[in-house]
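Participant: turn this into a model:
(one chain, ligands or ions: 1)
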Amino acid sequence: MRHFLLAGTAALAISAGMARAEESVEVLHWWTAGGEAAALNVLKDNLAKEGVAWKDMPVAGGSGVQAMTALRARVTAGDSPTAVQMLGFDIRDWAEMGVLANLDDLAEKQGWGNVIPAALQEFSKYDGHWIAAPVNVHSTNWLWINKAALDKAGGKVPANIDELFALLDAFKAQGIIPLAHGGQGWQDGTLWEAVVLSVGGPDFYKKAVLEADPEALGGDTMRTVFDDMTKLRSYFDTSFSGRDWNLSSALVIEGKAGAQEMGDWAKGEFLRAGQKPGEDFVCIRFPGTQGSVLFNSDQFVMFEQDDAGKTEAQLKLASAVEDPAFQIAFNTVKGSVPARTDVPDTDFDDCAKKGMKDVVEASASGNFMGSLAHGYGQPAAVKEAVFDVVTQHLNGQITTDEALKRLPEAVAAAQ
Ligand code: BGC
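Facilitator: Coordinates of the predicted model:
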């Protein structure tokens with residue numbers, strides 16, 4: 001307050017300087033892979049220009065499972081970070097506890113309601129109030145293919161799961177790892193949900209995953225899903241267990257593996273390695289899922305603070321995230337597409353142009369559906385229950401019959 005006693009320009013200068021020094025955000029996130037960190041730097045730089053200091057709290061681990069554990073520990077200790085990367089149902093859970101800052105004024109001022117898709121708003125708003133700023137739209141039903149290996153196999157991209165198996169056989173014959181997969185619960189879940197969509201189609205995905213219908217979870221279509229998972233497992237290499245997703249992407253980038261099923265954050269790794277879509281790698285919807293999008297969206301939530309400088313910085317972060325120029329600069333690096341529907345696709349590469357078009361089409365047909373593996377299909381407890389069964393089955397610890405019995409039971413118990 002001392003500066004209020006000073007007069008004239010000196011007072012203004014000191015006051016501005018002090019305000020800037022006080023503004024800081026501590027950001028908890030899991031963007032630690034090369035492409036992710038490069039995208040995050042865009043945000044850090046933008047905030048630095050606004051005079052907001054950035055305290056980084058990275059917690060490695062794809063899909064944010066470890067980050068959410070770290071967050072609970074911080075909040076329990078009475079030391080909430082100011083801003084947190086978060087997904088779907090986790091946002092809802094924290095909102096329900098009444099600890100998230102209300103972003104209504106900023107959202108109103110910037111007209112978020114007109115440009116953020118309704119499916120995202122369902123999670124960015126709680127009880128009619130904005131409590132999260134969506135950064136992007138990612139989706140999980142993608143396949144990333146090494147272009148040289150594909151050309152060697154005849155160059156035709158697989159249109160359904162049988163054609164995928166044929167392509168994987170061709171990769172095997174080339175002596176490379178047919179399918180690069182990392183055995184972690186969330187990655188097994190990411191592969192499984194793409195197979196569910198491919199085998200059963202969007203209506204089955206809705207029934208089995210979004211509605212958790214016990215008959216769909218334990219029925220004949222799900223049997224085919226688990227059988228296909230067993231078959232896919234035969235195309236993994238022997239060291240898949242526990243491998244991080246970006247290391248699997250690296251195998252495809254280096255031509256040691258033919259393909260990887262993964263969300264479009266994988267593209268960030270290809271780009272960072274200097275590769276170009278259509279030249280070095282090919283992006284297609286997971287075979288048999290064209291027309292549907294399993295989405296997730298990274299959002300920033302702000303934990304309420306009683307320090308004016310921190311609150312101001314939180315608003316600057318939220319505002320920076322929704323800036324259309326940032327949406328372009330960030331998402332072209334990250335592999336995602338903008339959360340705002342009014343951003344032109346001009347600066348985006350072919351994969352992202354396709355991604356943006358797919359979002360529009362899938363939304364129009366009612367097949368823009370939340371990804372289970374990335375927090376938009378079911379609350380965390382159900383998601384984890386599915387991961388357990390899927391992983392045990394994929395690792396050969398339980399048979400398909402057992403998986404079909406356990407899946408509806410585990411989901412029901414977690415609800
Ligand atoms: C996030 C992405 C992230 C990926 C891998 C997903 O849940 O939405 O932003 O790149 O996990 O860490």
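Participant: which stretches in the stretch 51-200 of the chain count as helices?
Facilitator: In the stretch 51-200 of the chain, the segments counted as helices under DSSP state H, counting those that start in this stretch are 65-76, 88-96, 104-110, 112-115, 118-124, 147-152, 161-173, 185-205.
Participant: just checking, what packs against the third one?
Facilitator: Read that as helix 104-110. In terms of contact count using 3 or more CB pairs under 8 Å, 6 or more residues apart in numbering; DSSP states H and E, helix 104-110 is assigned the packing partners strand 129-130, helix 308-321. Every residue, glycine included, has its C-beta placed from N, CA and C.
Participant: quick one: what helix or strand has residue 352 in it?
Facilitator: Assigned by DSSP states H and E, residue 352 belongs to helix 350-365.
Participant: my bad, residue 229
Facilitator: Per DSSP H and E: residue 229 is located in helix 220-233.
Participant: report the buried residues of that helix.
Facilitator: Judged by neighbour count (16 or more other CB atoms under 10 Å), helix 220-233 contains these buried residues: 221-222, 224-226, 228-229, 232-233.
Participant: in CSV, list the residues you listed along with distance to the ligand.
Facilitator: CSV is the format used below for the buried residues of helix 220-233 (distance: CB to the nearest ligand atom, whole Å):
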residue, distance to the ligand
221, 26
222, 24
224, 27
225, 22
226, 24
228, 23
229, 21
232, 20
233, 22
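Participant: closest one of those to residue 150?
Facilitator: Using CB to CB, residue 232 is the member of the buried residues of helix 220-233 that sits closest to residue 150, with 17.8 Å.
Participant: once you drop chain neighbours, what's closest to the closest one?
Facilitator: Spatial nearest neighbour of residue 232, excluding adjacent residues (CB to CB, 6 or more residues apart in numbering): residue 179 at 6.3 Å.
Participant: residue 275 too?
Facilitator: Nearest one to residue 275, counting by CB to CB, 6+ apart, is residue 281 at 5.5 Å.
Participant: for the one you found, list each beta-bridge partner.
Facilitator: residue 146, residue 277 (DSSP bridges).
Participant: go ahead and confirm it touches residue 145.
Facilitator: Yes. Applying CB atoms under 8 Å, one finds residue 281 in contact with residue 145, separated by 6.4 Å.
Participant: which one's more surrounded, these two?
Facilitator: The neighbour comparison of residue 281 against residue 145 (other CB atoms under 10 Å) goes to residue 281, with 27 against 21.
Participant: got a list of what the more buried one touches?
Facilitator: Residue 281 makes contact with 144-147, 252-253, 270, 275, according to CB atoms under 8 Å, 6 or more residues apart in numbering.
Participant: filter the residues you listed to the buried ones?
Facilitator: With burial judged by 16+ other CB under 10 Å, the buried subset of these is 144-147, 252-253, 270, 275.
Participant: got the phi and psi for residue 376?
Facilitator: Torsion angles at residue 376 (phi, psi; degrees, to the nearest 10) stand at phi -110, psi 10.
Participant: what's around whichever residue of the stretch 151-300 of the chain sits closest to the ligand, how many residues?
Facilitator: At 3.3 Å from the ligand, residue 265 is the closest residue in the stretch 151-300 of the chain, using CB to the nearest ligand atom. If you count neighbours by other CB under 10 Å, residue 265 ends up with 27.
Participant: contacting residues for the closest residue in space to it that isn't next to it in sequence?
Facilitator: Once flanking residues are discounted, residue 265 sits nearest to residue 335: 4.9 Å by CB to CB, 6+ apart. Contacts here follow CB under 8 Å, 6+ apart; on that basis residue 335 touches 35, 138, 263-268, 271, 351-352.
Participant: could I get those in JSON lines, plus columns for secondary structure and pLDDT?
Facilitator: JSON lines is the format used below for the contacts of residue 335 (DSSP: H, G, I helix; E, B strand; the rest coil; pLDDT from 0 to 100):
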{"residue": "35", "secondary structure": "helix", "pLDDT": "97"}
{"residue": "138", "secondary structure": "strand", "pLDDT": "98"}
{"residue": "263", "secondary structure": "coil", "pLDDT": "98"}
{"residue": "264", "secondary structure": "coil", "pLDDT": "98"}
{"residue": "265", "secondary structure": "coil", "pLDDT": "98"}
{"residue": "266", "secondary structure": "helix", "pLDDT": "98"}
{"residue": "267", "secondary structure": "helix", "pLDDT": "98"}
{"residue": "268", "secondary structure": "helix", "pLDDT": "98"}
{"residue": "271", "secondary structure": "helix", "pLDDT": "98"}
{"residue": "351", "secondary structure": "helix", "pLDDT": "98"}
{"residue": "352", "secondary structure": "helix", "pLDDT": "98"}
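Participant: and the residue of the stretch 51-200 of the chain closest to the ligand?
Facilitator: residue 62 (3.6 Å).
Participant: would you mind measuring from the nearest residue to residue 324 once chain neighbours are set aside to residue 37?
Facilitator: Of all residues not flanking residue 324 in the chain, residue 343 sits nearest, at 5.3 Å (CB to CB, 6+ apart). Distance, residue 343 to residue 37, by CB to CB, to the nearest Å: 23 Å.
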